[in-house]
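1. for reference, the sequence and a predicted model appear below.
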Amino acid sequence: MKLLFERSKEGHHQDLIPACDVERYEFEEKYLRKQAPGLPQLSEVELDRHYSALGRQVHGVNDGPYPLGSCTMKYNPQIDEEMARLEGFTAVHPLQPLKDAQGCLEVLYEAKKLLCEITGMADMTFQPAAGAHGEYTGLLLIRKYHLDRGDNARTKIIVPDSAHGTNPASATMAGFEVVNIPSNDRGGVDLEKLQEAVGPDTAGLMLTNPNTLGLFDENILEITRIIHEAGGLCYYDGANMNAIMGRVRPGDMGFDCIHLNLHKTFATPHGGGGPGSGPVGCKDFLRAYLPKPIVEKQGDEYILVTPEKTMGQVRSFAGNFLVVVKALTYILTLGKEGIIEASGNAVLNANYLMEKLKKYYDVPYGDQRCMHEFVMCLQGIKNETGVSAMDIAKGSLDFGIHPPTMYFPLIVHEALMLEPTETESRESLDEVIDIFVKLHQLAHQDPGYLNGAPHKCPISRPDEVQAARNPILRYEPEE
Ligand SMILES: Cc1ncc(COP(=O)(O)O)c(C=O)c1O
C-alpha cells in the first residue's frame with residue numbers, strides 16, 4: 001500500500017484552517033528553513049480513504065473476536081470514549097491552577113478511591129504509563145522501604161516461573177537480583193522451593209495471580225505468610241484483576257502493593273507501553289514512598305500532595321489522565337454488581353471455551369477450573385502433523401479472528417494462550433470454537449495449507465527474526 005508521501009500530488013490540498021488574520025511576523029533570515037518541509041499534498045477525501053484502507057488491513061476488537069491471552073484486548077464501551085472527549089478534560093493544561101482543574105482532580109481522586117476499594121489498598125498513583133512501568137514503580141516502593149529501614153541486604157526478588165515475562169524484567173530494571181522458582185504439578189507456586197528460596201536477602205516476591213496458566217494459586221495465603229515471615233514484601237501483578245474483581249482483594253490476601261492494567265480490567269485501550277495506564281496501589285506503610293504528587297481531598301477541595309519520602313516522579317504530572325477518565329466511567333457504569341458480574345463472565349467464558357476445545361487440543365492443567373484464560377499445548381499436534389502453534393495462530397487470521405498469544409508462557413511447549421474476555425457473547429464464543437475445530441481438522445487433513453497460512457491477509461509471514469533484529473524504522477522515499 002502506498003504511503004501518503006507517495007500519494008502526494010503537487011497542488012492537492014484541503015483548506016482546514018481559515019486564513020490568518022493576525023499581522024505577519026517576519027523572522028530573521030537565519031531562522032528561516034532553507035526549503036519547504038516536504039509534507040504530502042492531498043485533499044481531505046484522499047486522506048480519509050488512505051486511513052480507511054489502512055484500518056481495513058488490521059484486525060481490531062470491533063472487527064471480531066480477539067482471544068489474545070494475557071494481553072487482553074476487549075471491547076471498550078463508546079461511553080468511555082465519549083467521556084474522555086469532553087472538553088473539560090481535553091482542554092485543560094496540566095499546569096493550570098488547581099482551582100481551575102478541580103473536576104480533573106476529582107476524577108483522579110474518585111478513581112483512586114474505587115480502585116483502592118477493589119484491590120484492598122490504602123493509596124494509589126496513576127503516574128505509570130503501562131503495566132510494566134507500574135511493576136517497576138511498585139518495586140521501587142519495596143526498595144525504598146527496605147533501604148529506609150537501613151536493611152540494605154534485601155537485594156533479591158522471588159519470581160515464580162508462571163509469572164508474566166515483564167515481572168523478572170522489571171525486578172532487574174529496579175536493581176534487584178531475580179530468583180526464579182518452579183511451579184508445582186498443579187501449576188501453582190512450589191511451596192517447598194519457596195521456603196528454600198527465602199532468607200535475609202529476600203526483598204520480596206512478585207506474583208502474577210491468576211498466573212499465566214490462568215490459574216488462581218491455591219496456596220496464596222501460605223505464600224504471603226512465608227514471604228512476610230522472611231521479612232520480605234509481597235507484590236501483586238494485578239493485570240489479571242478482571243478474573244477476580246469484586247470477589248477477592250489482593251490486600252486481604254496479604255499483598256503490600258499492586259499494579260493494575262487499566263486496559264485489561266477496566267476497558268481502556270492497551271497502550272503498548274505508551275499511552276496506557278498501570279496505576280500502583282499500596283498499603284498504608286508504603287504510602288510515604290509513592291511518586292509525587294498524590295491527589296487528596298481537603299474539605300471540599302482537591303489538592304496535590306507530596307508523600308513524605310517520595311521516590312520522586314516516574315512520569316510527568318498525573319500520568320495518562322484520559323485513560324483514567326475511561327476506566328472510571330467503566331467502573332461507574334458497571335457499578336458494584338456489574339463489577340462482580342464482569343469477573344464472573346470472564347471466568348465463565350474462558351471455562352466454556354476451554355471445556356469445548358479440550359476435546360481437540362491438549363490443555364495442561366485442564367483438569368482444574370481456569371480463571372480468565374487458559375493455555376493449550378500443541379506439541380502433540382506438531383509431532384503428529386507438522387503443524388505448529390504458530391501455524392494454527394496464523395491460520396486463525398484466514399477465518400477472521402485475531403490469533404491467540406503464541407509461545408507463552410514458556411513453561412508450556414508449543415503454547416497457545418486464549419482469553420475470550422467477559423465482553424464476548426455465547427454466539428461469538430461458539431464462532432471461536434468452530435474456527436478452532438476447523439483448524440484442528442485442517443491440521444490433520446491439509447497441514448500444508450496451515451504451514452503457509454495466512455492466505456487471505458495483506459501480508460502472510462514476515463521474517464520475524466529480521467523484523468525484531470533489524471527493524472526498518474525510517475521511511476526512505478523513492479528518488
Ligand atoms: C499479567 C501481566 N502483567 C504485566 C503486563 C504488562 O503490561 P503492559 O503491557 O501494559 O506493560 C501484562 C500485559 O498486558 C500482563 O498480562
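-> That came in fine, so what should we check first?
2. now do the same contact list for the closest residue to the ligand within the chain.
-> For the chain, the residue closest to the ligand is Gly131, as judged by C-beta to the nearest ligand atom, at 2.3 Å. For glycine as for every other residue, the C-beta is placed from the backbone atoms N, C-alpha and C. With contact taken as C-beta atoms under 8 Å, 6 or more residues apart in numbering, Gly131 is in contact with Thr166, Asp237, Ala239, His259, Leu260, Asn261, Lys264, Gly276, Gly278.
3. show the model's pLDDT score for it.
-> pLDDT, the model's per-residue confidence, is 93 for Gly131.
4. can you check the one 3 residues further on too?
-> You'll see Gly134 listed with a pLDDT of 97.
5. one more: the one 10 residues further on?
-> On pLDDT, Lys144 comes in at 98.
6. strands - which of the contacts of Gly131 land there?
-> Of the positions in these, Asp237, His259, Leu260 sit in strands, assigned by DSSP state E.
7. of those, list those near the ligand.
-> Among the ones in strands among the contacts of Gly131, the ones lying close to the ligand by the criterion of C-beta under 6 Å from any ligand atom are Asp237.
8. which one of the ones in strands among the contacts of Gly131 is nearest to Lys30?
-> Among the ones in strands among the contacts of Gly131, His259 lies closest to Lys30 (C-beta to C-beta), at 49.2 Å.
9. how many other residues sit next to the closest one?
-> 32 (other C-beta atoms under 10 Å).
10. wait, Tyr283 touches Pro250, no?
-> Let me fix one detail, which is that residue 283 is Lys and not Tyr. No - contact criterion C-beta atoms under 8 Å: Lys283 and Pro250 do not qualify, at 10.2 Å.
11. ok, these two, which is more surrounded?
-> Neighbours were counted for Lys283 and for Pro250 using other C-beta under 10 Å; Pro250 has more, 27 against 19.
12. is the ligand within reach of the helix of greatest length in the chain?
-> With DSSP state H applied, the helix covering the greatest number of residues in the chain is identified as helix 321-357. No - for a cut-off given as C-beta under 6 Å from any ligand atom, helix 321-357 has no contacts with the ligand; the smallest distance is 10.9 Å.
13. for the stretch 351-479 of the chain, which spans come out with low pLDDT?
-> Under the criterion of pLDDT under 70, the regions of the stretch 351-479 of the chain flagged as low confidence span 477-479.
14. again, only this time at 50
-> For the stretch 351-479 of the chain, not a single residue meets the criterion pLDDT under 50.
15. which residues of it fall in helices?
-> For the stretch 351-479 of the chain, the helices defined by DSSP state H, counting those that start in this stretch occupy 379-385, 389-398, 426-445, 447-451, 464-469.
16. possible to save the ones you listed as a markdown table with distance to the ligand and mean neighbour count?
-> Formatted as a markdown table, the helices of the stretch 351-479 of the chain follow (distance: least, C-beta to the nearest ligand atom, whole Å; neighbours: other C-beta atoms under 10 Å):
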| stretch | distance to the ligand | mean neighbour count |
| --- | --- | --- |
| helix 379-385 | 23 | 16 |
| helix 389-398 | 18 | 22 |
| helix 426-445 | 20 | 17 |
| helix 447-451 | 27 | 17 |
| helix 464-469 | 17 | 9 |
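17. distance to Arg24 for those - can I get that in JSON lines?
-> Formatted as JSON lines, these follow (distance: least, C-beta to C-beta, whole Å):
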{"stretch": "helix 379-385", "distance to Arg24": "69"}
{"stretch": "helix 389-398", "distance to Arg24": "53"}
{"stretch": "helix 426-445", "distance to Arg24": "58"}
{"stretch": "helix 447-451", "distance to Arg24": "64"}
{"stretch": "helix 464-469", "distance to Arg24": "47"}
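18. can you list the residues of the chain near the ligand?
-> Applying C-beta under 6 Å from any ligand atom, we find that the chain lies next to the ligand at 70-71, 130-132, 164, 166, 208, 237, 239-240, 261, 264, 273, 276, 278.
19. now list the buried members of those residues.
-> Taking 16 or more other C-beta atoms under 10 Å as the criterion, what is buried in the residues of the chain next to the ligand is 70-71, 130-132, 164, 166, 208, 237, 239-240, 261, 264, 276, 278.
20. from the residues you listed, which two are the most distant?
-> Thr208 and Gly276 (17.4 Å).
21. that older thread, list the buried residues of the longest helix of the chain.
-> 321-331, 334, 339, 342-343, 345-354, 356-357.
22. so which strand or helix has Arg225?
-> helix 220-229 (DSSP states H and E).
23. just confirm Val432 contacts Gly64, I think it does.
-> No - between Val432 and Gly64 there is no contact under C-beta under 8 Å: 9.2 Å.
24. touching both of the two, which residues are there?
-> With contacts taken as C-beta under 8 Å, 6+ apart, the residues that reach both Val432 and Gly64 are Ile401.
25. count of residues packed around the residue lying closest to Asp63 once chain neighbours are set aside?
-> Taking C-beta to C-beta, 6 or more residues apart in numbering as the measure, Asp63 lies nearest to Gly400, with 7.6 Å between them; neighbours along the chain are not counted. A total of 13 residues lie near Gly400 under the criterion other C-beta under 10 Å.
26. is it true that Gly400 touches Gly64?
-> Yes - look at Gly400 against Gly64 with C-beta under 8 Å: they come within range, at 5.3 Å.
27. follow-up on the earlier one: for the longest helix of the chain, packing partners?
-> If contacts are counted by 3 or more C-beta pairs under 8 Å, 6 or more residues apart in numbering; DSSP states H and E, helix 321-357 sits against helix 78-84, helix 87-90, helix 102-119, helix 262-265, strand 374-377, strand 415-418, helix 426-445.
28. and the angle for that helix with helix 102-119?
-> Helix 321-357 and helix 102-119 meet at an angle of 30 degrees, taking axes from the mean of the first three to the mean of the last three C-alpha atoms, to 10 degrees as the criterion.
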